[in-house]
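Asks: the following block contains a protein sequence and its predicted model.
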Amino acid sequence: HMTALKMATHLSYGRVVLNNLREAARKELREFLDKCEGSKAIVWDEYLTGPFGLISQYSLLKEHEVDKMFTLKEGRLPQADVKNVIFFVRPKLELMDIIADNIRCEDRHSRRDFHILFLPRRSLLCEQRLKEQGQLVNITLIEEYSLDLIPFDSDLMSMEAECAFRECYLENDQTVLFHVAKGLMTLQALYGTIPQIFGKGECARLVANMMLRMKREFAGSQNQTLPVFDKLLLLDRNVDLLTPLATQLTYEGLIDEIYGIQNTFVKLPPEKFAPRKQNESGQDLPTERKKLQLNSAEELYAEIRDKNFNAVGSVLSKKAKIISAAFEGRHNAKTVGEIKQFVSQLPHMQAARTSLANHTSIAELIKDITGSETFFDNLTVEQEFMSGIDTDKINNYIEDSIAQKEPLTKVLRLVCMQSVCNNGLKPKVLDHYKREILQTYGYEHILTLNNLEKAGLLKPQTSTRNNYPTIRKTLRLWMDDINEQNPNDISYVYSGYAPLSVRLTQLLARPGWRSIEEVLKMLPGPHFEERQQLPSGLHKKRQQGENRVTLVFFLGGVTYAEIAALRFLSQMEEGGTEYIIATTKLINGSSWIQSMMDKLEASLF
């Protein structure tokens, strides 16, 4: 039970208590479980277990008679002496086929009831599929669990919809936008109507329309909650295709780039964390990867996560001195009172020491990579592209990377970045890259290249004018003099490049988007502003010095470096705005590019 308490306290610190969102989700879950009377087994769609863990530990499920948990796979369900079997699944047709198979393999005499809980919505298509398989009759309850936004930290929510960008921009499937609108309605029910909605991009426009329509449908019921948010900003990911392609240079961003953070957890190579175990003949035994949770509940992590990596080392060494001085303090404890005082602080000191040891190890692992020649060369090319150098011709480093068969995602990130920073590539440059990539990595990647073109990431230059330099200069996206240790501008998160998405957010707060109309027109999609009427008496009287609160919703994914930049703006003395961040998915350049990759089946050739 302790973990459940510890788990959520950090969600209660911020300006907006996101723990209320988590509690509402837990309540809905309890109510569903109580509908299935008696003992239960849950069969999990594996993708859901990670995000779900942020809402509820096993203890909550156990209190509601969940005795067993299995992973959804074909064939017979494992033995379990329970009255109910509940499938927790996303509404995907291929999962319905597995459920039908599970039920088909069930014993004739079995007395178990089957139920389906769809996250986040039930789907007629899925129910139709079960009917075709002849199994719909065997399902007792079909419900939906509208877990749209999951609180990841005190200022961060994600839907963890992994295909959101792909669905919106490649497949023209707007289902996820409907989930976004629903999620925002849930937020407004908890935190009050958001008086102003701003947006940029096609998807942003659609979400705002759906929200306004849903509000009209609920016209009878006035939301009497005092608004917590002053503004909502909806931003399409494709308004800023450049930022995710750049290598993130904050501590948290680099951990994600190198090891991948999944639902606040990271798995790290064990050698820095565990003593090597050997067998009789003295060979090293393989050790488990070290799994750590990363969030603001850990003081040290909260302090260093958003710093540029070059500023992390000095913080860690300062901390080391403080902690060893604290442990030395035991020699000065003479009286019983002083000894008791020291002992009472021990658990906290030991936790701090463990935390420091972990982050020192992670920082060493990262330093090995960022200190390498490969990392430096790659970063140099990125920075040249972002500052507008040689974006219109074939790049030697990219050619060499292809020739040496470097990972394809790395090559695609660079080629896409060159294309974005040049507003498309000259046909002969583009064809050259495509040919080299297909010859080296295989012709099955032709689909991937088509996807990247469709998404606007890798495309031929259509107009003769490259407007990226205008955008770069007007929005001050490239800063020459940056201070990584004590930053005075958001560009520190990429050591020189200020993320376009966050610059737009910053300018919306002050002086407002009217000042950049021309540039907004150059970026894809409409920009707009809507106002939502509040019932009388709910208009906020702002206290002297009280910050405004803006919810920024990234449609199609956000990176940790962008989150760091928004947190930096929240902390600026004269900023006057605090930002809460929501997204369809936490992404980095590689996971983003991978979501757009397609392999042709070999059998086609």
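Replies: Received, thanks. Numbering: from 1, shown residues only.
Asks: helices along the stretch 301-450 of the chain, start to end?
Replies: 312-328, 336-370, 373-386, 396-403, 408-420, 427-441, 446-454 (DSSP state H, counting those that start in this stretch).
Asks: tell me which residues of the second one are tucked away?
Replies: I take that to be helix 336-370. Using 16 or more other C-beta atoms under 10 Å as the test for burial, helix 336-370 gives 342, 352-353, 355-356, 358-363, 365-366, 370. (Each C-beta comes from the backbone N, C-alpha and C, glycine too.)
Asks: avg pLDDT for it?
Replies: For helix 336-370, the mean pLDDT works out to 92.
Asks: packing partners for it?
Replies: With contacts defined as 3 or more C-beta pairs under 8 Å, 6 or more residues apart in numbering; DSSP states H and E, the secondary structure elements packing on helix 336-370 are helix 251-259, strand 265-268, helix 299-304, helix 312-328.
Asks: out of the ones you listed, nearest to Ala455?
Replies: helix 251-259 (20.6 Å; C-beta to C-beta).
Asks: helices or strands next to the closest one in the packing?
Replies: strand 265-268, helix 336-370, helix 560-571.
Asks: following the chain onward from that helix, which element is next?
Replies: Sequence order places strand 261-262 as the next helix or strand after helix 251-259, per DSSP states H and E.
Asks: in its sheet, which strands sit next to that following strand, and in what direction?
Replies: Partners of strand 261-262 in the sheet, by DSSP bridges, are strand 265-268 (antiparallel).
Asks: mind listing what's buried along the helix or strand following the strand it pairs with?
Replies: With elements assigned by DSSP H and E, the helix or strand that comes after strand 265-268 is strand 290-293. Neighbour counts over strand 290-293 (16+ other C-beta under 10 Å) mark 290, 292 as buried.
Asks: dump strand 290-293 to CSV, keeping only the CA atoms.
Replies: Below are the C-alpha coordinates for strand 290-293, written out as CSV (Å, rounded to 0.1, in the frame of the first residue of the first chain):
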residue,chain,number,x,y,z
LYS,A,290,18.7,-2.2,-14.4
LYS,A,291,15.2,-0.8,-14.3
LEU,A,292,14.7,2.7,-12.8
GLN,A,293,11.7,4.9,-12.5
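Asks: number the residues from 38 up from this point.
Replies: With 38 as the first residue, the last one maps to strand 327-330.
Asks: other SSEs contacting it?
Replies: So strand 327-330, by 3+ C-beta pairs under 8 Å, 6+ apart, packs with strand 302-305.
Asks: tell me the buried residues in the strand it packs on?
Replies: Result for strand 302-305 [16+ other C-beta under 10 Å]: buried residues 303, 305.
Asks: same check on stretch 492-499?
Replies: Buried residues in stretch 492-499 (16+ other C-beta under 10 Å): 492, 494-496, 498.
Asks: just give me the closest of those to Tyr531.
Replies: Distances from Tyr531 to these, taken by C-beta to C-beta, are shortest for Leu494, at 18.0 Å.
Asks: which residues are in contact with the closest one?
Replies: Leu494 is in contact with 278, 282, 453, 456-457, 633, counting by C-beta atoms under 8 Å, 6 or more residues apart in numbering.
Asks: now tabulate those in JSON lines and tack on pLDDT, distance to Tyr434 and neighbour count.
Replies: As requested, the contacts of Leu494 are exported to JSON lines (pLDDT from 0 to 100; distance: C-beta to C-beta, whole Å; neighbours: other C-beta atoms under 10 Å):
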{"residue": "Leu278", "pLDDT": "98", "distance to Tyr434": "21", "neighbour count": "23"}
{"residue": "Leu282", "pLDDT": "98", "distance to Tyr434": "15", "neighbour count": "26"}
{"residue": "Cys453", "pLDDT": "98", "distance to Tyr434": "15", "neighbour count": "26"}
{"residue": "Ser456", "pLDDT": "98", "distance to Tyr434": "15", "neighbour count": "26"}
{"residue": "Val457", "pLDDT": "97", "distance to Tyr434": "17", "neighbour count": "23"}
{"residue": "Met633", "pLDDT": "96", "distance to Tyr434": "23", "neighbour count": "22"}
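Asks: distance to Ser354 for these - can I get that in CSV?
Replies: Converted to CSV, those look like this (distance: C-beta to C-beta, whole Å):
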residue, distance to Ser354
Leu278, 38
Leu282, 33
Cys453, 38
Ser456, 42
Val457, 38
Met633, 41
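Asks: closest one of the residues you listed to Ser333?
Replies: The closest of the contacts of Leu494, once distances to Ser333 are taken by C-beta to C-beta, is Leu282, at 27.3 Å.
Asks: near Tyr430, how many other residues are there?
Replies: No, residue 430 isn't Tyr; it's Lys. Residues lying near Lys430 (other C-beta atoms under 10 Å) number 12.
Asks: cool, and Thr542?
Replies: Other residues close to Thr542 by other C-beta under 10 Å number 25.
Asks: with adjacent residues omitted, what lies nearest to it?
Replies: Val589 (5.6 Å; C-beta to C-beta, 6 or more residues apart in numbering).
Asks: the one you found falls within a helix, correct?
Replies: No - secondary structure of Val589 (DSSP: H, G, I helix; E, B strand; the rest coil): strand, not part of a helix.
Asks: tell me how far it lies from Lys237.
Replies: 11 Å (C-beta to C-beta, to the nearest Å).
Asks: same question, Lys510
Replies: The value you get for Lys510 to Lys237, if C-beta to C-beta is used, is 19 Å.
Asks: what about the two, which has more around it?
Replies: Using other C-beta under 10 Å as the criterion, Lys510 and Lys237 rank with Lys237 on top: 25 against 12.
Asks: so who does the more buried one touch?
Replies: Applying C-beta under 8 Å, 6+ apart, the residues contacting Lys237 are 271-273, 276, 541, 557, 560, 562-565.
Asks: burial of Asn209, as a residue count?
Replies: 8.
Asks: now do the SS call for it.
Replies: With three-state DSSP as the criterion, Asn209 reads coil.
Asks: reformat the buried residues of helix 373-407 into TSV and put distance to Ile135 next to each item.
Replies: Formatted as TSV, those follow (distance: C-beta to C-beta, whole Å):
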residue	distance to Ile135
Phe379	57
Ala389	46
Arg390	47
Ser392	41
Leu393	45
Asn395	38
His396	41
Thr397	44
Ser398	40
Ile399	38
Ala400	43
Leu402	38
Ile403	39
Thr407	43
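Asks: now the two most distant members of those.
Replies: Phe379 and Thr407 (39.0 Å).
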